[in-house]
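*Asks:* sequence-free structure coming up:
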């Protein structure tokens, strides 16, 4: 089976981060310790403060390529907004990985990353903050702020269903330069296919993947993807979960994990 990748458009300001070399699956991750998908349940590190006096605030949760997106405007100059975030974000555990500034266009941006020092979470967080000052007509004196936050999954930590038996990971499935699966893990469980599907829909979406059933044209298949990128390339991670009920209260599960080639430099903010 081939994993399918889709292109992704570029944004005005993009944080570009590299992907490390392919690494094997993380075995049986039984305690995912992941936050709720409820948009009202926001971990403190993802609760990004707004600059004082913010108006026209608009927030959306769980975008296709972003965990959340917030936009607003203020009357303060862009330099003050950028300085505010450079001060407050490190206190919340975020590292500033890149900065862009274009005085001609009155644009500025920050690239940020948050990594779980305990190594427990199966993802890290990335965020871009774009700040644009109005330069003409009714926009003069108004500063527009866009905050895009995403969870970037660690694809060596795709969980194996709790209580799975006969777990096998096949590294020989690697096919360099193609879109074939990079890793295949197989196991047997007493759970029903629909129970397995429900588990992975919750677990993988909390890691930052998006459910993409349309891209997998086989019965009892579940496909998930994470994708982002910009002018320097893109990264795409695809996870296919295929179930086959075998009777005797047993289901065989095959998990395929693939990633596209990525030529992204760590910590770069591009225009």
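*Replies:* Structure received. None of these values were measured; they are calculated from a predicted model.

*Asks:* can you give me the strands in the protein?
*Replies:* Counting by DSSP state E, the chain has strands at residues 14-16, 55-61, 68-74, 95-102, 107-114, 123-133, 143-153, 165-170, 183-189, 210-211, 221-230, 233-247, 250-259, 268-270.

*Asks:* winner for burial among those?
*Replies:* strand 14-16 (a mean of 25; mean count of other Cβ atoms under 10 Å). Just so you know, the C-beta spots here come from the backbone N, C-alpha and C atoms, and that holds for glycine as well.

*Asks:* residues contacting the closest residue to residue 58 other than its chain neighbours?
*Replies:* Once flanking residues are discounted, residue 58 sits nearest to residue 71: 5.1 Å by Cβ to Cβ, 6 or more residues apart in numbering. Residues near residue 71 by Cβ atoms under 8 Å, 6 or more residues apart in numbering: 56, 57, 58, 144, 145, 146, 147.

*Asks:* residues contacting the second one?
*Replies:* Applying Cβ under 8 Å, 6+ apart to residue 57 gives the contacts 50, 70, 71, 72.

*Asks:* related to what we said a few turns ago, and the least confident of the contacts of residue 71?
*Replies:* Lowest pLDDT within the contacts of residue 71 is found at residue 58 (92).

*Asks:* I'd like to know how far the residue nearest to residue 106 when sequence neighbours are not counted sits from residue 105.
*Replies:* Spatial nearest neighbour of residue 106, chain neighbours left out: residue 133 (3.9 Å); criterion: Cβ to Cβ, 6+ apart. According to Cβ to Cβ, to the nearest Å, residue 133 and residue 105 sit 9 Å apart.

*Asks:* repeat for residue 224
*Replies:* When residue 224 is compared with residue 105 (using Cβ to Cβ), they lie 37 Å apart.
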